[in-house]
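S.K.: quick one, fold the following:
(4 chains)
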Protein chains: 2
Amino acid sequence: MEGCCTIMNSRVISLSSIQVACETCSLHQLCLPLELNHSDIEELERIIRRRRPLQRGENLFQAGDPFTAIYAVRSGSLKTFTNTDDGQEQVTGFHLPSELVGLDAITTERHNCTARALETTSVCDIPFNRLQELGARIPGLQRQLLRIMSREILEDQDLMIWLGKKSAEERLASLLLRISKRFTERNFSAREFNLSMSRTDIANYLGLAVETVSRLFSRFQAEGLLSVDRKHVVIEDMDALQQMAHNESSNNSRNRA
Amino acid sequence: MEGCCTIMNSRVISLSSIQVACETCSLHQLCLPLELNHSDIEELERIIRRRRPLQRGENLFQAGDPFTAIYAVRSGSLKTFTNTDDGQEQVTGFHLPSELVGLDAITTERHNCTARALETTSVCDIPFNRLQELGARIPGLQRQLLRIMSREILEDQDLMIWLGKKSAEERLASLLLRISKRFTERNFSAREFNLSMSRTDIANYLGLAVETVSRLFSRFQAEGLLSVDRKHVVIEDMDALQQMAHNESSNNSRNRA
DNA sequence: GGTTTAAATTGATTTAGCTCAACTGTTCTG
DNA sequence: CAGAACAGTTGAGCTAAATCAATTTAAACC
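M.R.: Numbering: from 1, shown residues only, chains lettered A, B, ... in the order given. Here you go, the predicted model:
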């Protein structure tokens, strides 16, 4: 994972090699779908700031911090969470390599959640004002940013449906599949991965009790869907897991009509 | 409500009068926070298309339709919903005057949900490609669009917390307060309003059974929080309703820690 | 390397809210 | 205007998942 991001490391490379490199770059979401020419990519590269990796438990930003940049995860992972009125932590998302963090702060110009590293995690800073300047000159870039945000809205709405309506087993199965899918997009194994987040975080995120999540992991393993060893998960029966997620008997999920 | 949108009706007006008019215009979300000069506002005005009002039950767009425009509700209201795998309707939002609809379609260039009028409803079409052109020339406009989308992400995430974690009574109390707040922003009564959506839609949206919603309305009325007569709702005890929404004993909501 | 602390698991019990069912009021339709 | 179809309400019982409690396992720290 380290040094994966070619556009940040070398200056003079051919466009085709950039695009291959970008496949594994944390910014491919932003730049790959564009037809950026060499100098555009150089410009984009120039505004990006690197920083030393975050240690587990370290915050990338905290709720209330002024918004200055959006962040692309290069390696490792983060959770974002807000604090509810009564001081409880509320996990709003997990962020894996290549994903952008901090988009929700554009409106308020302050971060509304805290982003904390779940393991040693390396991110790129993309200063927002400079990205805006660049966006004014590269028309496709601004549009791409809108597109990414639109996708985020869409995904959040999907998730809302899950959280509002689905049973505990559907929620966990669905989360595992979504994580698997996100790893796949990064060319990692779809079947086997490490969950960097704790059971408590998972439970919190899914709106379940820790005990329920723990029991589900045990049950999924007993039923041969998974092999679980602490954080390490192997999906043994992808089809069955998928069936569990899109539970046919989700007639039995809350409310018909 | 009809003809409220001065920027769409008259051409030659002073900036100050525009800003007053925009207070009650369905597009104020988009243009008010900007320092648009006269000609900018005229340009924005020029791209907006009006259409005949939608009748109750009529669709503004359907899931799968190509994305061409975003829409601003001028009067009336809409619900948006998707169809889940098993054909169930899933309400993803209610849209009141001044709110924008269709932002989630930018990514896919197709609408991902259906928008249906809950009553006679009038909207403005804002063709997206023309808005983009305009955005390229008016820097603040593009940024404002990003800001609106960012806010939508934020609100959806807030909602996720509610749906994932909150009890039935907290959900309904919260919905009523949010609707009240949205009416207030439009200078309507915060205490008294008509719910244009059915109990079934509310239940669906909140991830509850219709029976539960109905029982809650009865209970809230019995407890003196509300006066309910079919669709007509009067909030009798705003404080108590607020307390119910941010339930102090939401320690008892799913999962501690 | 042993002790402390936190995370995860498992079991027993309770409960919020769903389901099923019966009934009432309302709004469409011929 | 009647009757059908639908939307809403209310009651009784059931079930999925929360809570409480106890134990096991793993990580953190001196």
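
S.K.: strands of the stretch 51-200 of chain A, residue ranges please.
M.R.: Under the criterion DSSP state E, counting those that start in this stretch, the stretch 51-200 of chain A contains strands at A:59-61, A:69-75, A:78-83, A:89-95, A:100-101, A:114-117, A:122-127, A:192-194.

S.K.: any stretches of chain A with poor pLDDT?
M.R.: Across chain A, residues meeting the criterion (pLDDT under 70) sit at A:1-37, A:247-257.

S.K.: helix or strand: which one has residue A:239?
M.R.: Secondary-structure assignment from DSSP states H and E places residue A:239 in helix A:238-245.

S.K.: that helix: which residues count as buried?
M.R.: Residues A:240, A:241, A:244, A:245 are the ones in helix A:238-245 that count as buried (16 or more other C-beta atoms under 10 Å in any protein chain shown). Heads up, the C-betas are built off the backbone N, CA and C, glycines and all.

S.K.: just send those residues back as CSV, with distance to residue B:133 too.
M.R.: Shown next, in CSV, are the buried residues of helix A:238-245 (distance: C-beta to C-beta, whole Å):
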residue, distance to residue B:133
A:240, 50
A:241, 46
A:244, 47
A:245, 42
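
S.K.: now distance to DNA strand C too, for those residues, in TSV please.
M.R.: Conversion of the buried residues of helix A:238-245 to TSV gives the following (distance: C-beta to the nearest atom of the strand, whole Å):
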residue	distance to DNA strand C
A:240	19
A:241	17
A:244	17
A:245	18
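
S.K.: closest one of the residues you listed to DNA strand D?
M.R.: Taking C-beta to the nearest atom of the strand as the measure, DNA strand D sits nearest to residue A:244 out of the buried residues of helix A:238-245, at 11.5 Å.

S.K.: was I right to think that closest one contacts residue A:171?
M.R.: No - with contacts defined as C-beta atoms under 8 Å, residue A:244 does not count as touching residue A:171, sitting 10.2 Å away.

S.K.: show me what contacts residue A:214?
M.R.: The contact partners of residue A:214, taken as C-beta atoms under 8 Å, 6 or more residues apart in numbering or on different chains, are residue A:199.

S.K.: tell me which element it falls in.
M.R.: Assigning secondary structure by DSSP H and E places residue A:214 in helix A:210-222.

S.K.: the inter-axis angle of that helix versus helix A:238-245?
M.R.: Computed with axes from the mean of the first three to the mean of the last three C-alpha atoms, to 10 degrees, the direction of helix A:210-222 lies at 140 degrees from that of helix A:238-245.

S.K.: do helix A:210-222 and DNA strand D meet?
M.R.: Yes - using C-beta under 7 Å from any atom of the strand, helix A:210-222 comes into contact with DNA strand D via A:211, A:212.

S.K.: can you count the residues close to the residue in the stretch 1-150 of chain A that DNA strand C sits nearest to?
M.R.: Proximity to DNA strand C, evaluated over the stretch 1-150 of chain A using C-beta to the nearest atom of the strand, is greatest for residue A:57 at 9.7 Å. For residue A:57, the neighbour count with other C-beta atoms under 10 Å in any protein chain shown is 9.

S.K.: residue A:92 now?
M.R.: Based on other C-beta under 10 Å, the number of other residues close to residue A:92 is 24.

S.K.: same question, the one 3 residues further on
M.R.: Residue A:95 has 24 neighbouring residues, counting by other C-beta under 10 Å.

S.K.: now for the residue nearest to it when sequence neighbours are not counted: which residues touch it?
M.R.: On the basis of C-beta to C-beta, 6 or more residues apart in numbering or on different chains, the spatially nearest residue to residue A:95 that is not a chain neighbour turns out to be residue A:78, at 4.5 Å. With C-beta under 8 Å, 6+ apart as the criterion, the residues that contact residue A:78 are A:60, A:94, A:95, A:101, A:115, A:116, A:117, A:118, A:121, A:123.

S.K.: which strand residues bridge the closest residue to the fourth one other than its chain neighbours?
M.R.: Of all residues beyond its chain neighbours, the one nearest residue A:101 is residue A:71 (4.6 Å), with distances taken as C-beta to C-beta, 6+ apart. Note on residue A:71: beta-bridge partners residue A:101, residue A:125, judged by DSSP bridges.

S.K.: number of residues surrounding the closest residue to residue A:197 other than its chain neighbours?
M.R.: The shortest distance from residue A:197 to any residue that is not its chain neighbour, by C-beta to C-beta, 6+ apart, is 5.4 Å, and that residue is residue A:118. Around residue A:118 sit 20 other residues, with neighbours defined as other C-beta under 10 Å.

S.K.: same check on residue A:109?
M.R.: Other residues within reach of residue A:109 by the criterion other C-beta under 10 Å amount to 12.

S.K.: check contacts around the nearest residue to it once chain neighbours are set aside.
M.R.: For residue A:109, ignoring the flanking residues on the chain, the nearest one in space by C-beta to C-beta, 6+ apart is residue A:67 at 4.9 Å. Taking C-beta under 8 Å, 6+ apart as the criterion, residue A:67 is in contact with A:102, A:105, A:106, A:108, A:109, A:110, A:111, A:128.

S.K.: now the residues you listed in a markdown table, with distance to DNA strand C?
M.R.: Below are the contacts of residue A:67 laid out as a markdown table (distance: C-beta to the nearest atom of the strand, whole Å):
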| residue | distance to DNA strand C |
| --- | --- |
| A:102 | 25 |
| A:105 | 27 |
| A:106 | 32 |
| A:108 | 30 |
| A:109 | 32 |
| A:110 | 28 |
| A:111 | 23 |
| A:128 | 33 |
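
S.K.: want to throw those residues into CSV with distance to residue A:220?
M.R.: Compiled in CSV, the contacts of residue A:67 are given as follows (distance: C-beta to C-beta, whole Å):
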residue, distance to residue A:220
A:102, 33
A:105, 36
A:106, 38
A:108, 39
A:109, 43
A:110, 40
A:111, 35
A:128, 41
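
S.K.: buried members of these into ChimeraX, please.
M.R.: The following ChimeraX selection, which keeps only the buried ones among these, applies the criterion 16+ other C-beta under 10 Å:
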select /A:102,105,106,111,128
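
S.K.: which of the contacts of residue A:67 fall in helices?
M.R.: Those of the contacts of residue A:67 mapping onto helices are residue A:128, per DSSP state H.

S.K.: what is the burial count for residue A:185?
M.R.: Other residues within reach of residue A:185, judged by other C-beta under 10 Å, total 16.

S.K.: coming back round to it: off-centre distance for the helix holding residue A:239?
M.R.: 22 Å (C-alpha atoms, centre = their mean, to the nearest Å).

S.K.: do that helix and chain B come into contact?
M.R.: No - residues of helix A:238-245 contacting chain B under C-beta under 8 Å from any C-beta of the partner chain: none, with a closest distance of 9.8 Å.

S.K.: wait, does that helix contact DNA strand D?
M.R.: No - between helix A:238-245 and DNA strand D, judged by C-beta under 7 Å from any atom of the strand, nothing touches; the nearest distance is 11.5 Å.
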